[in-house]
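*Asks:* Structure of the sequence below:
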Amino acid sequence: MSAVKNPILQSLPDDVEALKKIIAAQYLALTEKDSTLTKKDQIIAVKEQRIATLEEFVRLQKLKRFGASSEKSPAQQEMFNEAELSVEAEQILVEREVLQTNKGASAQIKPGRKPLPAELPRLRIEHELPESDKRCACGCQLSEIGSDMSEQLDIIPAQIRVLQHVRKKYACKHCEDGVKTAPLPAQPIAKSNASPGLLAHVAVSKYQDALPLHRQETMLNRTGIKIPRNTLASWMMKAGALLQPLLNLLGDELLAYPIVHCDETGVQVLKEPGKHATSQSYMWVRVGGPPAQPIRLFHYADSRRGEVASDLLEGFNGYLQTDDYAGYNTVAAENRITQLGCWAHVRRKFIEAQKATSSKDKKTKAGNAEQAVSLIGKLYAIEKDIKDLEPEQKQQARQRQSKPVLKEIREFLDKVRPATLPKGLLGKALAYLDKNWNKLTVYIEDGRLTIDNNPAENAIRPFVIGRKNWLFSATVPGAKSSANLYSVIETAKANGLEPYAYLRYVFKELPRATTVEEIETLLPWNVNTDTLLLND
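*Replies:* The predicted structure is shown next:
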């Protein structure tokens, strides 16, 4: 029986060269197909990376909008077994240790109502039994054997009064040559019925307590006082301008000290020449001065350009601590300023990467982010332990303890970064750490330096909180006056002064100061707190 002939074999030529050409053509076709598949695989891989990055971004935005705003790491509870891993963990362990050590002792923290301040005035209210209850069932008269006393905190609404300035007049009855009138002391706002106390109250209510002027107008109306908000706004603009000589001295003092922190945040000004009402302007803050004479200065600018930083730091030489904003680089290079980075910003980026990691990437991405947070936590734990030491002792402790941790972080960075996608949150956190590495390690050189830029961020926080209530400034002069008032209030607070009492004193005395020496007596560290209490 003859074999069945294969039609494919029959179609092939018998010539060897022709067969080689067919095989070569098929091989080429297969190669091109494989190449096309490889390209498609590469495209798919890129798109998958892009999708993963976008999903990570969406998770982070959801956490920012709906989640807790705390920067605590998700795995922080597991970190409590090692005190050095984070500041929060260290704090909890210390508190537990204190409680265990003092167990049963009077030093143990007890929950409950705190005693009312002893310096507050007391009004004694005695409660007697009715006469009918003062007789015993046996018929005898009851005798007083003591009393029980409890205290309630009572608040009387703000006292409002009118200051009558009576200027005595004198004249000669014989020659009747003119009349002499007692002069009125210089006032904060000439020909105004606003006293220093009222100006201080309005300023502190807005710039410290975040009460917009329209709410203050309503509150004054409830007491029968009719003051339009445009009048209040005018007062604040003039009060802010009045403070400029004092702020000039504070600026000189700030730049004379070799350490300055800077930060900036957005502010909207509706009526700004050459700009739309919705455009962004900026409030800058500088923090500095010796530890015993801290200074907080705000400055309004229409932009975030580096020229603004150059103007604010003109003549300064020393250490400048900021975030990663490049606007400070030029002034730092021109003035031989040493720049410091902020470990709080670094830690924040790794915590965001840790929180936004999907469940399938927990072992890799989250593990690396968690390790970074833990290592940074070691640095903060060291700072907590040495916070009360003198600068020289701090510097020695950092060289001994923090320097090895920094080496460990550098080794971690060099190991993890090459294997991490650069566009993801973890990749960006690692890139930020690598880019700012030199700035981040400067703080161990001098015990007066800090590990992060929190002094500036804490100083600018009241402005950010207030902005949520009043939203914008109407004019440029108003924004500048706001900067001046924020500066004086925050500097007073930093020096342990009650802002209302200090502002009231300054508004009263500054208009009468005619020399630099007299203005210097109004600097926060030159003012006696007893003087503020007696000021009337």
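
*Asks:* make it CA atoms for all contacts and neighbour counts henceforth
*Replies:* OK.

*Asks:* residues touching the residue lying closest to residue 479 once chain neighbours are set aside, list them.
*Replies:* Nearest residue to residue 479 in three dimensions, chain neighbours excluded: residue 473, at 5.7 Å (C-alpha to C-alpha, 6 or more residues apart in numbering). Taking C-alpha atoms under 8 Å, 6 or more residues apart in numbering, we find residue 473 in contact with 267-270, 479.

*Asks:* So for stretch 209-226, what gets flagged as buried?
*Replies:* For stretch 209-226, burial by neighbour count (16 or more other C-alpha atoms under 10 Å) applies to 210-213, 216-218.

*Asks:* Just the CA coordinates for stretch 343-356, please, in PDB.
*Replies:* Output of stretch 343-356 as PDB, limited to C-alpha atoms (Å, rounded to 0.1, in the frame of the first residue of the first chain):
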ATOM      1  CA  TRP A 343      14.300  65.900  57.900                       C
ATOM      2  CA  ALA A 344      10.600  66.400  58.600                       C
ATOM      3  CA  HIS A 345      10.000  66.900  54.900                       C
ATOM      4  CA  VAL A 346      12.000  63.700  54.200                       C
ATOM      5  CA  ARG A 347      10.100  61.700  56.700                       C
ATOM      6  CA  ARG A 348       6.700  63.000  55.500                       C
ATOM      7  CA  LYS A 349       7.400  61.800  51.900                       C
ATOM      8  CA  PHE A 350       8.300  58.300  53.100                       C
ATOM      9  CA  ILE A 351       5.200  58.100  55.300                       C
ATOM     10  CA  GLU A 352       3.100  59.100  52.300                       C
ATOM     11  CA  ALA A 353       4.700  56.400  50.300                       C
ATOM     12  CA  GLN A 354       4.000  53.900  53.100                       C
ATOM     13  CA  LYS A 355       0.400  54.900  53.400                       C
ATOM     14  CA  ALA A 356      -0.400  54.900  49.700                       C
END
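
*Asks:* Residue 485 and residue 396, how far apart?
*Replies:* Per C-alpha to C-alpha, to the nearest Å, residue 485 is found 40 Å from residue 396.

*Asks:* Any idea what the residue nearest to residue 479 is bridged to?
*Replies:* Bridge pairing for residue 473 (DSSP bridges) gives the partners residue 269.

*Asks:* Report the separation between it and residue 223.
*Replies:* From residue 473 to residue 223 the distance is 27 Å (C-alpha to C-alpha).

*Asks:* returning to that earlier point: among residue 485 and residue 396, which residue is more densely surrounded?
*Replies:* The neighbour count for residue 485 versus residue 396, taken as other C-alpha atoms under 10 Å, is higher for residue 485 (30 against 15).

*Asks:* separation between that one and residue 503?
*Replies:* Applying C-alpha to C-alpha to residue 485 and residue 503 gives a distance of 9 Å.

*Asks:* pLDDT score for residue 410?
*Replies:* pLDDT, residue 410: 95.

*Asks:* and residue 287, what helix or strand is that in?
*Replies:* According to DSSP states H and E, residue 287 maps onto strand 281-288.

*Asks:* next structured bit after the lowest-mean-pLDDT helix or strand in the chain?
*Replies:* In the chain, no helix or strand scores lower on mean pLDDT, DSSP states H and E than helix 87-101, which sits at a mean of 43. Toward the C-terminal end, the helix or strand that comes next after helix 87-101 (DSSP H and E) is strand 169-171.

*Asks:* Just name whatever secondary elements the helix or strand following that following strand is in contact with.
*Replies:* Counting by DSSP H and E, the next helix or strand C-terminal to strand 169-171 is strand 179-181. When contacts are defined as 3 or more C-alpha pairs under 8 Å, 6 or more residues apart in numbering; DSSP states H and E, strand 179-181 sits against strand 169-171.

*Asks:* mind checking the SS state of residue 20?
*Replies:* helix (DSSP: H, G, I helix; E, B strand; the rest coil).

*Asks:* so where do the strands sit in the stretch 401-536 of the chain?
*Replies:* 473-475 (DSSP state E, counting those that start in this stretch).

*Asks:* Sketch out the helices for the stretch 151-300 of the chain, chain order is fine.
*Replies:* When assigned using DSSP state H, counting those that start in this stretch, the helices of the stretch 151-300 of the chain occupy the ranges 196-207, 213-222, 229-242, 244-256.

*Asks:* would residue 38 count as being in a strand?
*Replies:* No. Residue 38 is assigned helix when assessed by three-state DSSP, not a strand.

*Asks:* Quick one: neighbours of it, just the number.
*Replies:* 12.

*Asks:* Check residue 436 too.
*Replies:* Residues near residue 436, counting by other C-alpha under 10 Å: 18.

*Asks:* so who does the residue nearest to it when sequence neighbours are not counted touch?
*Replies:* Spatial nearest neighbour of residue 436, excluding adjacent residues (C-alpha to C-alpha, 6+ apart): residue 341 at 6.5 Å. Residues in contact with residue 341 (C-alpha under 8 Å, 6+ apart) are 321-324, 436-437, 439-442, 452-453.

*Asks:* circling back to that earlier point, Serialize the helices of the stretch 151-300 of the chain to TSV and add fields for mean pLDDT and distance to residue 29.
*Replies:* Putting the helices of the stretch 151-300 of the chain into TSV (pLDDT from 0 to 100; distance: least, C-alpha to C-alpha, whole Å) gives the following:
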stretch	mean pLDDT	distance to residue 29
helix 196-207	93	75
helix 213-222	91	78
helix 229-242	93	80
helix 244-256	95	74
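
*Asks:* Would you confirm that residue 349 belongs to a helix?
*Replies:* Yes. The assignment for residue 349 (three-state DSSP) places it in a helix.

*Asks:* Excluding chain neighbours, give the residue nearest to it in space.
*Replies:* residue 429 (5.3 Å).

*Asks:* buried set for stretch 417-435?
*Replies:* Buried residues in stretch 417-435 (16+ other C-alpha under 10 Å): 417, 420, 424-431, 433.

*Asks:* Just give the number of residues close to the residue nearest to residue 180 when sequence neighbours are not counted.
*Replies:* In space, and not counting its chain neighbours, residue 180 is closest to residue 170: 5.0 Å by C-alpha to C-alpha, 6+ apart. Neighbourhood size, residue 170 [other C-alpha under 10 Å]: 11.

*Asks:* Also residue 169?
*Replies:* 10.

*Asks:* quick one on the thing from earlier: the residue nearest to residue 479 and residue 467: what is the separation?
*Replies:* Distance from residue 473 to residue 467, by C-alpha to C-alpha: 9 Å.

*Asks:* Then residue 213?
*Replies:* The separation that residue 213 has from residue 467, given C-alpha to C-alpha, amounts to 13 Å.

*Asks:* Over to residue 285?
*Replies:* Taking C-alpha to C-alpha, one finds residue 285 at 15 Å from residue 467.

*Asks:* The two: who's more crowded?
*Replies:* The neighbour count for residue 285 versus residue 467, taken as other C-alpha under 10 Å, is higher for residue 285 (23 against 18).

*Asks:* The more buried one contacts residue 460, doesn't it?
*Replies:* Yes. Using C-alpha atoms under 8 Å, residue 285 makes contact with residue 460 at a distance of 6.5 Å.

*Asks:* what's the overlap in contacts for the two?
*Replies:* Counting by C-alpha under 8 Å, 6+ apart, the residues touching both residue 285 and residue 460 are 263-264.

*Asks:* Just give me the neighbour total for residue 321.
*Replies:* Neighbours of residue 321 using other C-alpha under 10 Å come to 31.

*Asks:* Would you mind listing the residues in contact with it?
*Replies:* Residue 321 touches 259-262, 339-342, 452-453, counting by C-alpha under 8 Å, 6+ apart.

*Asks:* Just put those residues in CSV and tack on distance to residue 352 and pLDDT.
*Replies:* Shown next, in CSV, are these (distance: C-alpha to C-alpha, whole Å; pLDDT from 0 to 100):
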residue, distance to residue 352, pLDDT
259, 30, 95
260, 28, 94
261, 25, 94
262, 24, 93
339, 25, 93
340, 23, 93
341, 19, 92
342, 16, 93
452, 18, 91
453, 19, 91
